[in-house]
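In: Here is the input, now give the coordinates:
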Amino acid sequence: MSNTVRSIHTWFAMMQDTSGNFVEPNPSKEGRVIQSIDRAIRVLFALQGARRMTLSELAGRLELPPSTVHGIVRTLVAQGMVVQEHGFGRYQLGPAVLRLGNVYLDTLELRSKAIPWAEDLARRTGCAVRTGVLLLDDVVIIHHEPRPDGSRQMPEVGIVIPAHASALGKAILAFDDEAASRILAAAPLRSMTGETITSPIDLKQQLADIGSTGLAREQEEAVLGECAIAGPVFDVSGAPVGAIGLVVPSANWPVDPATSDAVRDAARSISKELGAMSWPPART
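Out: Residues are numbered from 1 along each chain as shown. Model (predicted):
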């Protein structure tokens, strides 16, 4: 897969908010941009937020001439990135957007190594399992293994959770000093629920504890009624490349030692397959 495809999807993921919605980029923050590409991406962002829009609505939203928007949309339609509703003048995102995301996910070695262990972890615990990676100050879910009880569950691949409010995020931050320093400096931390840790001092202490135990926990910090336990995953260099963890209903919290051991085993096994020499690596 080309670096261009990887860059596009990574950039898409980085521009999502906590609800999984895209936010439009600010070119002034990113330096020099290519105008035509910038406008095309803005069209995609606008369609993602509004789902379906006419050319005039797009032009108004983007504050661009209708003729300019028409040319951009026509090009995106030709590439399958945008499609027009049959019988209507409205446009929506096309199947090529999904294909880009799937291609990107298929290239992630962490995801491919984690899938069998996530399946096993779900069977052993009866819980849903998430695997995530850090993007800026958030965790993006790259694999979601549903609860094995056969109940109806929403797919979660692609959702974004603030790292400081997520067991997955804390597991990574405890071993990523640069990312942790950046988030700790961004006080106050965003509150997702009444249980979210917003104090950098409290979060720093939690990360220190995680660094010694290897397991991170969160209790209703991102979503009420939902708790989680996660372990970091390391590569051959000993750097954290992601985390795997359980989604546990509040009624079943806290988990028993056997469940904690199962999460630890999964994180250690994936790390070993990625070449890590130890789990977790010794802290200096």
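In: which residues of the stretch 51-200 of the chain fall in strands?
Out: In the stretch 51-200 of the chain, strands defined by DSSP state E, counting those that start in this stretch lie at 53-54, 82-84, 90-93, 128-135, 138-145, 160-162, listed in chain order.
In: and those as TSV, adding distance to I201 and mean pLDDT?
Out: Backbone N, C-alpha and C define where each C-beta goes, glycine included. Converted to TSV, the strands of the stretch 51-200 of the chain look like this (distance: least, C-beta to C-beta, whole Å; pLDDT from 0 to 100):
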stretch	distance to I201	mean pLDDT
strand 53-54	45	90
strand 82-84	47	91
strand 90-93	43	90
strand 128-135	21	94
strand 138-145	22	92
strand 160-162	18	90
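In: Columns mean neighbour count and distance to E109 on top of the ones you listed, output as JSON lines?
Out: Listed next are those as JSON lines, based on neighbours: other C-beta atoms under 10 Å; distance: least, C-beta to C-beta, whole Å:
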{"stretch": "strand 53-54", "mean neighbour count": "18", "distance to E109": "38"}
{"stretch": "strand 82-84", "mean neighbour count": "18", "distance to E109": "32"}
{"stretch": "strand 90-93", "mean neighbour count": "18", "distance to E109": "28"}
{"stretch": "strand 128-135", "mean neighbour count": "25", "distance to E109": "11"}
{"stretch": "strand 138-145", "mean neighbour count": "23", "distance to E109": "11"}
{"stretch": "strand 160-162", "mean neighbour count": "23", "distance to E109": "21"}
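In: closest to A276 out of these?
Out: strand 128-135 (15.6 Å; C-beta to C-beta).
In: ok so, going back, mind giving me TSV with the strands of the stretch 51-200 of the chain and columns for distance to P254?
Out: Shown next, in TSV, are the strands of the stretch 51-200 of the chain (distance: least, C-beta to C-beta, whole Å):
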stretch	distance to P254
strand 53-54	47
strand 82-84	48
strand 90-93	41
strand 128-135	17
strand 138-145	21
strand 160-162	20
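In: Can you check which of the ones you listed gets nearest to D176?
Out: strand 128-135 (6.9 Å).
In: helices or strands up against the closest one?
Out: helix 3-14, helix 109-125, strand 138-145, helix 167-173, strand 226-234, strand 240-249 (3 or more C-beta pairs under 8 Å, 6 or more residues apart in numbering; DSSP states H and E).
In: strand partners of that strand, parallel vs antiparallel please.
Out: Counting by DSSP bridges, the strands paired with strand 128-135 are strand 138-145 (antiparallel), strand 240-249 (antiparallel).
In: Could you check the angle that strand makes with helix 109-125?
Out: 150 degrees (axes from the mean of the first three to the mean of the last three C-alpha atoms, to 10 degrees).
In: Now stretch 265-283: buried residues?
Out: In terms of neighbour count (16 or more other C-beta atoms under 10 Å), stretch 265-283 has its buried residues at 265-271, 273-274, 276, 279-281.
In: and those, which of them are in helices?
Out: 265-271, 273 (DSSP state H).
In: quick check, nearest of the residues you listed to H143?
Out: Scanning those for proximity to H143, where the rule is C-beta to C-beta, the winner is I270, at 11.0 Å.
In: Which pLDDT value goes with that closest one?
Out: The model reports I270 with a pLDDT of 97.
In: Quick check: bridge partners of the residue positioned nearest the centre of the chain?
Out: Most central residue of the chain, judged by C-alpha distance to the mean C-alpha position with C-alpha atoms, centre = their mean, is V140 at 0.8 Å. Note on V140: beta-bridge partners by DSSP bridges are V133, V160.
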